[in-house]
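Chemist: below are the sequence and a predicted model for it; my questions follow.
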Amino acid sequence: MVLSPHSELESSRQLADKLRVLVEKHRYHSSPAKITCSFGVTRFVEMDTVESFTKRADIAMYKAKELGRNRVEVVDDREADDHAQQGPPQQLKANA
């Protein structure tokens, strides 16, 4: 988890995307496979608890993985309410 205090949601999304690109472009000597990562971005709102904030970030990360991986997805507090009504994100298959 990367925390970016006093940042707007868009600047946090841009930071996550820069990290994603750096990881993707880096060539790791220990692995011939291309390594990528997905990020879920959200913001802390006044009524959040640690659990609600973390859950929203988790929803965003699973959304990124479900939509193709190696990407950044943002879920704000309004979208999280929609996801909560739909239930928890589906678990990804281990070999996916």
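Modeler: Alright, I've got the coordinates.
Chemist: how close does residue 46 get to residue 77?
Modeler: Residue 46 sits 10 Å away from residue 77, taking CB to CB, to the nearest Å as the criterion. Every residue, glycine included, has its C-beta placed from N, CA and C.
Chemist: can you check residue 51 too?
Modeler: From residue 51 across to residue 77, the span is 14 Å (CB to CB).
Chemist: between those two, which is the more surrounded one?
Modeler: Comparing residue 51 with residue 77 by other CB atoms under 10 Å, the one with more neighbours is residue 77, at 16 against 8.
Chemist: what's the more buried one in contact with, if anything?
Modeler: The contact partners of residue 77, taken as CB atoms under 8 Å, 6 or more residues apart in numbering, are 42-43, 45, 48, 56.
Chemist: likewise residue 26?
Modeler: Residue 26 is in contact with residue 35, counting by CB under 8 Å, 6+ apart.
Chemist: give me phi/psi at it?
Modeler: Backbone torsions for residue 26, taken as degrees, to the nearest 10, come to phi -70, psi 140.
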